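Chemist: Okay, structure incoming, though there's no sequence with it:
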């Protein structure tokens, strides 16, 4: 995994997390790949509450029969180098420590501690985020972050320099539908947002927004999966508060 920059606005974090998990009896001969396939890989691109974000990748998986020691500031490469130096300093190679699994009552599967370092996408309130414009309508625009995560920006949180322009062909078609008795309750008006002094906001354009709200939760089906909802704004905090106050006064 790529190193994470020490930046307050960075949304990517590395965090080492330990889990007390069970190992199926059929996987006793290959515990490491079995736990990677059954425990860690299903977490990819899903919301993981202990990490408080979306898991993008994992590395440096370690199996233990006791709780792991407190986390240190050393990276996975540094830990591997330290273990290599310790093994080189010994005169005779020492055998790998025996992993003792824990059985609980009559439960068939033994338990052990599995620890891994996760690369986590963790949104932060009011942090800047740059995404690619993928969809636009009169009510909102949608951005794609890392080509994976959708970010919605409502029309109320677009600056006054953005204006919606209806497609002329769509306007003609809509008028014809009204003439034939269409009530207009279900419609998809074609058009695009136009930025003053820049022209049309074409799809594929990079747009930097401020994260105004986000919500991560499990799916409620008990399968450990989760989702992340992100809402952005092109307005500053003061400008957004001022616009909200004006809306309340009009109401």
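Modeler: That came through fine. Please read these numbers as outputs of a predicted model, since none were measured by experiment.
Chemist: Do a quick rundown of the strands in the stretch 1-150 of the chain.
Modeler: With DSSP state E, counting those that start in this stretch as the criterion, the stretch 1-150 of the chain has strands at 12-22, 47-48, 53-64, 111-121, 128-136, 140-145, 149-154.
Chemist: Determine which of the ones you listed approaches residue 101 most closely.
Modeler: Across the strands of the stretch 1-150 of the chain, residue 101 has its closest neighbour in strand 111-121 (5.3 Å, Cβ to Cβ). Backbone N, C-alpha and C define where each C-beta goes, glycine included.
Chemist: and that closest one, what other elements does it pack with?
Modeler: strand 12-22, strand 53-64 (3 or more Cβ pairs under 8 Å, 6 or more residues apart in numbering; DSSP states H and E).
Chemist: Could you dump the strands of the stretch 1-150 of the chain into CSV and include distance to residue 70, mean pLDDT and mean neighbour count?
Modeler: CSV is the format used below for those (distance: least, Cβ to Cβ, whole Å; pLDDT from 0 to 100; neighbours: other Cβ atoms under 10 Å):
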stretch, distance to residue 70, mean pLDDT, mean neighbour count
strand 12-22, 10, 93, 16
strand 47-48, 21, 88, 22
strand 53-64, 14, 93, 18
strand 111-121, 12, 94, 20
strand 128-136, 32, 93, 17
strand 140-145, 33, 94, 19
strand 149-154, 32, 94, 18
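Chemist: what's the closest of the ones you listed to residue 164?
Modeler: Here strand 128-136 is closest among the strands of the stretch 1-150 of the chain (Cβ to Cβ), at 8.7 Å.
Chemist: As a check, name the ranges of all helices in this protein.
Modeler: 31-35, 76-89, 168-179, 237-250 (DSSP state H).
Chemist: Please enumerate residues in contact with the shortest one?
Modeler: Applying Cβ atoms under 8 Å, 6 or more residues apart in numbering, the contact partners of helix 31-35 are 21, 23-24, 27, 61, 63, 99, 112, 114.
Chemist: picking that back up, show me the one of the strands of the stretch 1-150 of the chain that comes nearest residue 241.
Modeler: Proximity to residue 241, assessed across the strands of the stretch 1-150 of the chain by Cβ to Cβ, is greatest for strand 149-154 (15.5 Å).
Chemist: Identify the residues contacting that closest one?
Modeler: 54, 121, 129, 131, 134, 139-145, 207, 209, 228, 230-234.
Chemist: Can you tell me which residue is spatially central in the protein?
Modeler: residue 54 (3.7 Å; Cα atoms, centre = their mean).
Chemist: I figured it hits residue 12, correct?
Modeler: No: assessed by Cβ atoms under 8 Å, residue 54 is found out of contact with residue 12, at 10.1 Å.
Chemist: For the residue nearest to residue 19 when sequence neighbours are not counted, give the beta-bridge partners.
Modeler: Distances taken as Cβ to Cβ, 6 or more residues apart in numbering place residue 114 nearest to residue 19, at 5.4 Å, with adjacent residues excluded. For residue 114, the beta-bridge partners are residue 19, residue 63 (DSSP bridges).
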